[in-house]
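**Student:** below: sequence and its predicted model.
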Amino acid sequence: MSKFFSNRWWVVAASVCGLVVGTGAINTFAFGVFLKPVTAELGIGRGVLGSALAGGFILTTIGTAILGWLLDHWGTRRVMIPGLLACAGTVALQATLTPNTLWIYFLLGINGLAFSCQTPLPYGNVVAQWFDRERGLALGVALAGVGLGVAIVPQLATFLISHFGWRAGYVGLAVAILIIAWLPVSIFLREPPDFVPEVKRSPVAIADSTAGTVIPGMLARDGFKTWHFWSFTLAFFLAIVAINGTLTQVVALLTDRGISVGLAVSAMSASGIALIFGRILSGWCLDRFWGPYVAVVFFLLPMAGIALLIGGGGGTVPLAGAVLCGLGIGADVDLMAFFVSRYFGMKEYAKLYGVMLALFSLANGVGPALSGLSFDYFHGYTQIFIVYEILLVIACAQFLGLGAYPYPARDEPAVA
């Protein structure tokens, strides 16, 4: 039995559970469920709560970059066990929200900072450490937990609010974090036996990139100086601006065209299902084909989806457009996690991935803002969607120039 539970796929399973109640599910999708009852009872504007959430996301972005250093220094398990307790605590504290604006900003601020440990960074980090030849599939399965959270958490929040009120709803979500994430992470999430955190490495081995180190790869400071790092950081940034900028407007766009709210929401739900499928499929492909080719294919799909939405067709056309965009965004985070491991190795993986994911988080806000400005100015989305198509073309061109993997899977060629 002990051998059964020591299987490395339990680490993947714990990562799925952790991401079900990750930053996106709790602080984006559940937030939308709490928005109306909270503002109605407190007598505050939606802008106050929304701007406080935005401030929290800025702290999440900063915290994600810092978290990479903590993960490399202490190890994922040592960081995540107290980190998840902090996440649960800051969610429960939101039950004490009052009309006081400073208190609102404080609570959502510390919540955003705590939830930097509930981004894909720590889970991608530990899964990449365990897997080499099957790294793409393992990352795809683990990060599919984000999609499950999008489907499950808003429903749970709706149930809690309707039966117990929004204050008890926040406490219920905190308990859910402890049960769904903290418990399996505490039991199953661990580093591989050969992992040595920086805190246990000799000062010479840490300072000297050529010293005999346990983990292959380059130091973060050297990775930040390479064109590879900034090339695919830019590619992912542009792609996410385009895809998120489109998907966040799907419901509004379709209802503006006279399509029923039910069908519009169904299109959005379909994109969430496609996100899960896209994560797993892209991971499977990464283990078999050269990563940049996989990235290009998965970003050509949202290009086709955006084109369908621009065309203004009815029937199943908008549904197909949303699904194609969902497939593209489903591949983003695991592609990023995989590329960092193959182009920079695992030596200081978390530092490099953390900075890239922090910039990625900023892209999540840029796209919706650009789409909103476009609608206000042009009274439609066609113009900005054309810009998004151009951004995706630029992203694909960036990927194709990356070259062979410096750190391919063992006994495999650099380019499949």
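**Tutor:** It's in. All values reported here derive from a predicted model rather than from experimental measurement.

**Student:** which ones are touching Val366?
**Tutor:** Applying Cβ atoms under 8 Å, 6 or more residues apart in numbering to Val366 gives the contacts Val241, Gly245. C-beta coordinates here come from the backbone N, C-alpha and C atoms, glycine included.

**Student:** now it: how far from Leu19?
**Tutor:** Applying Cβ to Cβ, to the nearest Å, the value for Val366 to Leu19 is 23 Å.

**Student:** tell me, how many residues neighbour Pro216?
**Tutor:** Other residues lying near Pro216 total 11 when counted by other Cβ atoms under 10 Å.

**Student:** surely it and Met346 touch.
**Tutor:** Yes. Using Cβ atoms under 8 Å, Pro216 is in contact with Met346, at 6.6 Å.

**Student:** list the residues that contact both of the two?
**Tutor:** Taking Cβ under 8 Å, 6+ apart as the contact rule, the neighbours common to Pro216 and Met346 are Tyr407.

**Student:** in this structure, which segments are predicted with low confidence?
**Tutor:** For the chain, applying pLDDT under 70 flags the ranges 1-5, 196, 198-214, 261-262, 265, 268, 314-315, 365, 411-416.

**Student:** so how far is Ala181 from the residue nearest the centre of it?
**Tutor:** Of all residues in the chain, the one closest to the mean position by Cα atoms, centre = their mean is Pro120, 5.2 Å from it. From Pro120 over to Ala181 the distance is 13 Å, taken as Cβ to Cβ.

**Student:** identify all contacting residues around stretch 49-60.
**Tutor:** 23, 27, 31, 35, 38-39, 101, 104-105, 107-109, 111-113, 115-116, 119, 361, 364-365.

**Student:** please redo it, this time with the cut-off set to 6 Å
**Tutor:** Phe31, Thr39, Ile104, Tyr105, Leu108, Gly109, Asn111, Gly112, Leu113, Phe115, Ser116 (Cβ atoms under 6 Å, 6 or more residues apart in numbering).

**Student:** so which of these are in helices?
**Tutor:** Phe31, Thr39, Ile104, Tyr105, Leu108, Gly109, Asn111, Gly112, Leu113 (DSSP state H).

**Student:** can you say which helix or strand has the closest residue in space to the first one that isn't next to it in sequence in it?
**Tutor:** Distances taken as Cβ to Cβ, 6 or more residues apart in numbering put Leu53 closest to Phe31, at 5.9 Å, once the chain neighbours are dropped. Per DSSP states H and E, Leu53 falls inside helix 46-74.

**Student:** which other residues reach the helix or strand just after that helix?
**Tutor:** Next in sequence after helix 46-74, counting helices and strands by DSSP H and E, comes helix 76-93. Contacts of helix 76-93 with the rest of the structure, by Cβ under 6 Å, 6+ apart, involve 70-71, 107, 110-111, 114-115, 117-118, 122, 125-126, 170-171, 173-174, 177-178, 181-182, 185-186, 189-190.

**Student:** next, count neighbours for the closest residue to the residue nearest to the centre of the chain other than its chain neighbours.
**Tutor:** The spatial neighbour of Pro120 that comes closest, neighbours along the chain excluded (Cβ to Cβ, 6+ apart), is Val333 at 4.8 Å. Using other Cβ under 10 Å, the number of residues around Val333 comes to 27.

**Student:** C-terminal to whichever helix or strand Val333 is part of, what's the next element?
**Tutor:** Counting by DSSP H and E, the element that carries Val333 is helix 332-344. Note on helix 332-344: by DSSP H and E, the next helix or strand toward the C-terminus is helix 349-378.

**Student:** and that next one, which residues are buried?
**Tutor:** Within helix 349-378, the residues that qualify as buried are 349-361, 363-368, 370-372, 374-375, counting by 16 or more other Cβ atoms under 10 Å.

**Student:** thought Ile161 was touching Gly169?
**Tutor:** Yes. Applying Cβ atoms under 6 Å as the test, Ile161 and Gly169 come out as touching, 4.4 Å apart.

**Student:** so between those two, which is more surrounded?
**Tutor:** Comparing Ile161 with Gly169 by other Cβ under 10 Å, the one with more neighbours is Gly169, at 26 against 21.

**Student:** now do the SS call for the more buried one.
**Tutor:** Going by DSSP: H, G, I helix; E, B strand; the rest coil, the secondary structure assigned to Gly169 is helix.

**Student:** please identify the helix or strand for the closest residue to it other than its chain neighbours.
**Tutor:** Here the nearest residue to Gly169 in space, its sequence neighbours aside, is Leu160; by Cβ to Cβ, 6+ apart that works out to 3.9 Å. Per DSSP H and E: Leu160 is located in helix 145-164.
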